[in-house]
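Enquirer: compute the structure for the input listed below.
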Amino acid sequence: MPEPLIALDIDNWPTGRSISDRLHREIPGFGQLVDQAHFTMIVVGRRFHSVTPSGASLEVFGQATNDFNDLLFDLYDARGRPATRAARALIEHLINLSDVVADADLAERYLAHGVLTPLIEAEAEVGVALLKGRERRTEEHRLRSQARRNRQKAAEAIAKYGPNFRRSWAERNLYDRARMHGYEKFYDYYRLSSQVLHGASGGARASIREIDGRHVYRSGSALALLPLAYAEGVRAFKLILQTMAQATPSVDAAEAAQVCDALIAAWPIYRRAALKVDRWLWPESAPVGPYAVLAVSRSGKRRWFCHEVELGLIVEAQPPNADELGDAQRKNVELLIANITEDMSAREDQWITILLDGVTVNPRPGAPWVNAAAVLVPDSSGRRLPRPLPVDPSELPRALRACGVRWLPPETPHP
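Expert: You can find the predicted model right below:
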């Protein structure tokens with residue numbers, strides 16, 4: 001496989017707002033729809049809580065409502081991977097809710113599994129090693145007390161339901177349970193979204209593409225995942241609402257179901273917008289950089305830099321290893337330095353900058369990243385640019401010379 005490249009969307013870096021703003025311009029009414037859905041689900045949730053203050057179904061529904069709200073906000077913010085995780089959770093909530101509503105024994109079993117969570121937390125000791133002094137001793141004491149209070153209840157639950165109860169509250173696997181309730185198609189999306197959740201190779205599909213024969217990984221949001229999460233997550237939550245309403249006839253959830261219908265009706269528009277923005281984000285050609293840059297002053301002093309062309313930033317770097325430079329590059333560097341005054345583009349220039357292709361340098365610890373134009377084009381030249389332009393590799397020498405850079409590929413002699 002070719003060496004992967006990172007394609008960074010400069011307009012999106014570092015705040016991440018321009019992607020969601022561009023999406024909102026494509027579907028201007030979506031924000032109001034999200035706000036309406038969020039408010040409606042809070043109201044209907046309070047009704048269910050007032051009628052059924054506790055129980056397995058309410059615990060499942062409470063978690064489902066939170067994940068549904070997360071899904072809405074992730075769709076609004078164009079966050080593909082978090083939206084996928086929320087939609088996947090909603091499918092599991094739908095199957096869990098169908099189980100506990102249909103079978104009182106399963107509802108009891110679901111609630112009984114809750115006593116294992118304090119023990120799991122105590123055994124995990126998450127973050128304890130990062131604490132010090134009294135704060136650490138207090139947290140260790142809290143976890144020990146928590147484990148002691150719940151150990152007997154957990155042992156009784158395991159004795160009642162069997163050793164597999166440690167692993168999961170449900171006796172059967174999720175697919176069999178989904179099929180029993182007629183939700184096999186939802187399980188298909190559950191499998192697909194698990195590729196993202198588990199970090200499988202297929203989970204990167206929305207963020208990797210072959211361009212110019214090179215594998216390009218795009219950082220940031222995976223917009224291609226959004227339409228799938230939208231469709232299945234909203235459909236699953238509508239069924240969750242219907243299941244709760246059937247189990248609690250005194251609560252009218254019709255308005256909430258209508259909001260879900262409105263979201264489903266808007267899905268084709270959202271899909272077109274998300275895929276349009278996704279296409280806009282992908283570069284037409286494989287991105288360039290980072291590159292090693294050698295700055296040589298008029299007096300012959302040498303300083304190394306790491307140049308992130310796509311970001312328009314540069315940072316002072318450690319010199320490369322001696323074997324990093326090819327023979328032709330070493331000769332060309334010395335030739336340029338020997339004729340440095342002739343290579344100066346203006347009498348006021350204090351240095352020249354040389355880009356060395358195929359050479360790796362690492363930033364100096366603590367060195368600040370600055371606008372690349374501050375190094376590549378001295379102020380005195382009158383050619384200062386707001387940032388170096390991203391370039392096609394085939395045009396690299398010409399484009400970088402325009403930024404005040406001499407380009408030295410590994411094996412090409414300098415004329």
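
Enquirer: distance of the nearest residue to Glu308 once chain neighbours are set aside from Tyr217?
Expert: Sequence neighbours aside, Pro290 is the residue nearest to Glu308 in space, at 5.0 Å (criterion: CB to CB, 6 or more residues apart in numbering). Backbone N, C-alpha and C define where each C-beta goes, glycine included. Distance, Pro290 to Tyr217, by CB to CB, to the nearest Å: 14 Å.

Enquirer: of those two, who's got more company?
Expert: Neighbour tally, Pro290 and Tyr217, criterion other CB atoms under 10 Å: the higher count belongs to Pro290, 21 against 14.

Enquirer: quick check on Asp278: phi, psi?
Expert: phi -60, psi -40 (degrees, to the nearest 10).

Enquirer: tell me where the stretch 51-200 of the chain has helices.
Expert: In the stretch 51-200 of the chain, the segments counted as helices under DSSP state H, counting those that start in this stretch are 56-76, 80-102, 104-112, 116-124, 133-161, 174-180, 184-197.

Enquirer: quick one: closest of these to Val370.
Expert: Closest approach to Val370 among the helices of the stretch 51-200 of the chain is made by helix 80-102 (31.5 Å; CB to CB).

Enquirer: circling back to that earlier point, I'd guessed the residue nearest to Glu308 sits against Val309; true?
Expert: Yes: counting by CB atoms under 8 Å, Val309 is a contact partner of Pro290 at 7.1 Å.

Enquirer: state the distance from Ala147 to Asn173.
Expert: Applying CB to CB, the value for Ala147 to Asn173 is 29 Å.

Enquirer: okay, the two: which has more neighbours?
Expert: Ala147 (16 against 10).

Enquirer: name the nearest residue to that one, ignoring sequence neighbours.
Expert: Per CB to CB, 6+ apart, closest to Ala147 is Ala122, 3.8 Å.

Enquirer: quick one: the helices in the stretch 251-400 of the chain?
Expert: Under DSSP H, counting those that start in this stretch, the stretch 251-400 of the chain gives helices at 254-281, 327-338, 340-343, 373-376, 396-401.

Enquirer: deepest of those helices, which one?
Expert: Compared across the helices of the stretch 251-400 of the chain, helix 373-376 shows the largest average neighbour count, a mean of 20 (mean count of other CB atoms under 10 Å).

Enquirer: other SSEs contacting that one?
Expert: strand 291-297, strand 313-316 (3 or more CB pairs under 8 Å, 6 or more residues apart in numbering; DSSP states H and E).

Enquirer: got the CA coordinates for it in CSV?
Expert: Taking C-alpha atoms only, helix 373-376 is exported to CSV below (Å, rounded to 0.1, in the frame of the first residue of the first chain):
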residue,chain,number,x,y,z
ALA,A,373,5.3,33.0,4.7
ALA,A,374,7.2,34.5,7.6
VAL,A,375,10.1,32.0,6.8
LEU,A,376,9.7,31.2,3.1
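
Enquirer: pLDDT below threshold where in this protein?
Expert: For the chain, applying pLDDT under 70 flags the ranges 1-17, 336, 339-350, 377-415.

Enquirer: and the helices of the stretch 251-400 of the chain as JSON lines, adding distance to His113?
Expert: Listed next are the helices of the stretch 251-400 of the chain as JSON lines, based on distance: least, CB to CB, whole Å:
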{"stretch": "helix 254-281", "distance to His113": "28"}
{"stretch": "helix 327-338", "distance to His113": "64"}
{"stretch": "helix 340-343", "distance to His113": "73"}
{"stretch": "helix 373-376", "distance to His113": "59"}
{"stretch": "helix 396-401", "distance to His113": "60"}
